[in-house]
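Participant: Structure, please.
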Amino acid sequence: GMDPDTPPQELVEAYIEAGKNPIKPIEVSTGPVKENIIVGDDVDLFKLPAPVVHGGDGGRYISTWHACIHQDPDSGWVNWGMYRSMIVDKNKLAGLLIPYQHGPMILYQKYEARGKAMPFAIAIGGDPVVAFIASSYLPAYVNEADVAGGIRKEPIELVKCETNDLMVPATSEIVIEGEIRPHERVEEGPFGEFTGFRTTERGGRPLHRIKAITHRNNPILTMSCMGMGCDEYAALVSVTLSGEMLQILRQNGIPVRGVCVHPWGNTLSTIVSTKVPYANVAHQISSMIWGSKAGVYVHWIIVVDENVDPWNLEDVFHAVVFQCNPQDGIHVYKRTLGMTLDPFLTP
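Facilitator: As a prediction, the model looks like this:
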């Protein structure tokens, strides 16, 4: 609902404000996504227009711009995330679930560790705020549906799945329901990723068994053709990640002018502009970022003085070239988390 010409820093502040004022969703009895209900043997993923997104991809990907919905069996916390999945056959998907993301964490640490199947739902299309917030990096035990309501300034309407107790956005175009059984794996990948490279060799990933598909009449399958350039993911996490990191630094008393996760650096780089309160504060800043969920993908943290606008890459580049001593001003942290999708890492 904001002006498209709003400066990035104002978008970041609006995102932070929405998170401070969450609105819980409301349950409705039905919605547009229930116009067609397909269960059991009638399920056929091939009736949905899943594309081969890039030449060289390992298969047809049904979920590239969506919300994967999982529930913690202990706390009841419901997480919305965005994890790719590829069609295996008419009622099976293979999904890349990276262990330190919240949905996969629930699978590996809770369900699979106890030998239980995990219910899931994949909500595709509908209100754009759903994919926006599903691709964000909110802390654990924060319900994305509540923050989505805060962004919309009204509750998100949720409707119950047909084959499990998960709640999904009622205005979704398509919802895919099913379960992931313990230790079932099937080959998935590769896929052209947001890094601009086709990463992760084909390998065993969690098998998703589909029990139901519900969809609107003439549903629209939303998707992202990820890669070099400013794709949807890069644009949106630029706002959400900048907001999460800015809040972390403010809460720890760092005098921050701004934080920029620039779309061209995507989730792998962060620029922090700060008034330097004491020596070596850059190490403290980097530790705060890397110690958070928001910083899990970040490799490059650039800390600049408060007179540098972090959203102006010319200013930042000038600061790096003329104010950073390459011998003493660059610090390498070893044995940290790697990311499955890093093009420069071996398996």
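Participant: Just the strands from the stretch 51-200 of the chain, written as ranges.
Facilitator: 61-63, 66-71, 78-81, 85-89, 92-95, 118-124, 157-160, 167-169, 174-180, 185-188, 191-192, 198-199 (DSSP state E, counting those that start in this stretch).
Participant: Now mean neighbour count and distance to D305 too, for these, in JSON lines please.
Facilitator: From N, CA and C alone the C-beta is placed, and that goes for glycine too. Formatted as JSON lines, the strands of the stretch 51-200 of the chain follow (neighbours: other Cβ atoms under 10 Å; distance: least, Cβ to Cβ, whole Å):
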{"stretch": "strand 61-63", "mean neighbour count": "25", "distance to D305": "42"}
{"stretch": "strand 66-71", "mean neighbour count": "27", "distance to D305": "39"}
{"stretch": "strand 78-81", "mean neighbour count": "23", "distance to D305": "36"}
{"stretch": "strand 85-89", "mean neighbour count": "21", "distance to D305": "44"}
{"stretch": "strand 92-95", "mean neighbour count": "23", "distance to D305": "43"}
{"stretch": "strand 118-124", "mean neighbour count": "26", "distance to D305": "43"}
{"stretch": "strand 157-160", "mean neighbour count": "20", "distance to D305": "46"}
{"stretch": "strand 167-169", "mean neighbour count": "25", "distance to D305": "43"}
{"stretch": "strand 174-180", "mean neighbour count": "25", "distance to D305": "48"}
{"stretch": "strand 185-188", "mean neighbour count": "17", "distance to D305": "45"}
{"stretch": "strand 191-192", "mean neighbour count": "22", "distance to D305": "38"}
{"stretch": "strand 198-199", "mean neighbour count": "18", "distance to D305": "35"}
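Participant: closest to V261 out of those strands?
Facilitator: Proximity to V261, assessed across these by Cβ to Cβ, is greatest for strand 78-81 (17.9 Å).
Participant: can you dump the C-alpha coordinates of the closest one into PDB?
Facilitator: Extracted C-alpha coordinates of strand 78-81, given in PDB (Å, rounded to 0.1, in the frame of the first residue of the first chain):
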ATOM      1  CA  VAL A  78       3.500 -22.200  12.900                       C
ATOM      2  CA  ASN A  79       6.200 -21.300  10.500                       C
ATOM      3  CA  TRP A  80       5.900 -20.000   6.900                       C
ATOM      4  CA  GLY A  81       9.000 -20.500   4.800                       C
END
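Participant: who's in contact with E179?
Facilitator: The contact partners of E179, by Cβ atoms under 8 Å, 6 or more residues apart in numbering, come to 117-120, 164, 208-209, 211.
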